[in-house]
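Trainee: Based on what follows, work out the 3D shape:
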Amino acid sequence: MLQGKVIRFGDDISTDLLIPGRYIYLRSDLVELSKHACEDVDADFVNKVQKGDFVVGGKNFGLGSSREHAAIVLKMNGVGAVIAKSFARIFFRNAINIGLPVIIANTDNIHAGDQLEIDLLSGKLSNLNTGEKLTFGKLPPVMLKILDEGGLIPYVKKYGDIRIE
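Mentor: Predicted coordinates:
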């Protein structure tokens, strides 16, 4: 069960908005790079995000380049999951691969500051502020196992391969 506060973004949040291209020279210094996460969307993001908080967007979250650093810096800043109406496929896979849950759900009634509870196994999301309950498409078991292990690399190190059972 995941629980956290919402940091709300809009539609069409690109990987360049998540980690501005002007800082890509820092890609080998992830700690420094993470200090610039989302600053073009919310200049105060890194100061207000708390461990376990949820980034909530609209449609087309993570569009743009295949920059895996976009998902990495969100996780490094403590983001517990990203929830959006739709995701760019490469961002979705990059997030799963680094152990960051991504959830496709109707985000119209989720607002900044709302407290959410998410059950990845059952595909249920509860807004603790409003009492609204949403369902979302459950992730395949192999993706849940990858998330449980903290990402694809720890998963493969543990199991030696991708096991689909």
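Trainee: Which of the helices or strands spans the residue nearest to Ile146 when sequence neighbours are not counted?
Mentor: Once flanking residues are discounted, Ile146 sits nearest to Tyr155: 4.8 Å by CB to CB, 6 or more residues apart in numbering. From N, CA and C alone the C-beta is placed, and that goes for glycine too. Using DSSP states H and E, Tyr155 sits in helix 152-159.
Trainee: okay, that helix in PDB with CA atoms only?
Mentor: Taking Å, rounded to 0.1, in the frame of the first residue of the first chain, the C-alpha atoms of helix 152-159 are listed here in PDB:
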ATOM      1  CA  LEU A 152      14.900  -4.100 -13.400                       C
ATOM      2  CA  ILE A 153      18.600  -4.300 -12.500                       C
ATOM      3  CA  PRO A 154      18.000  -5.600  -8.900                       C
ATOM      4  CA  TYR A 155      15.300  -8.000 -10.300                       C
ATOM      5  CA  VAL A 156      17.700  -9.500 -12.900                       C
ATOM      6  CA  LYS A 157      20.500  -9.700 -10.300                       C
ATOM      7  CA  LYS A 158      18.200 -11.600  -8.000                       C
ATOM      8  CA  TYR A 159      16.500 -13.900 -10.500                       C
END
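Trainee: quick check, distance from it to the centre of its chain.
Mentor: Here the centre of helix 152-159 is set off from its chain's centre by 20 Å, with CA atoms, centre = their mean, to the nearest Å.
Trainee: What distance do you get for the residue nearest to Ile146 to Asp161?
Mentor: Counting by CB to CB, to the nearest Å, the separation of Tyr155 from Asp161 is 9 Å.
Trainee: Which of these two has more residues huddled nearby?
Mentor: Tyr155 (22 against 7; other CB atoms under 10 Å).
Trainee: these two touch, right, that one and Glu149?
Mentor: Yes - between Tyr155 and Glu149 there is a contact under CB atoms under 8 Å: 4.1 Å.
Trainee: So what's the residue count around the closest residue to Pro20 other than its chain neighbours?
Mentor: Once flanking residues are discounted, Pro20 sits nearest to Asp40: 5.4 Å by CB to CB, 6+ apart. Asp40 is flanked by 17 other residues according to other CB under 10 Å.
Trainee: Enumerate every residue touching Asp40.
Mentor: By CB atoms under 8 Å, 6 or more residues apart in numbering, the residues touching Asp40 are 16-17, 20.
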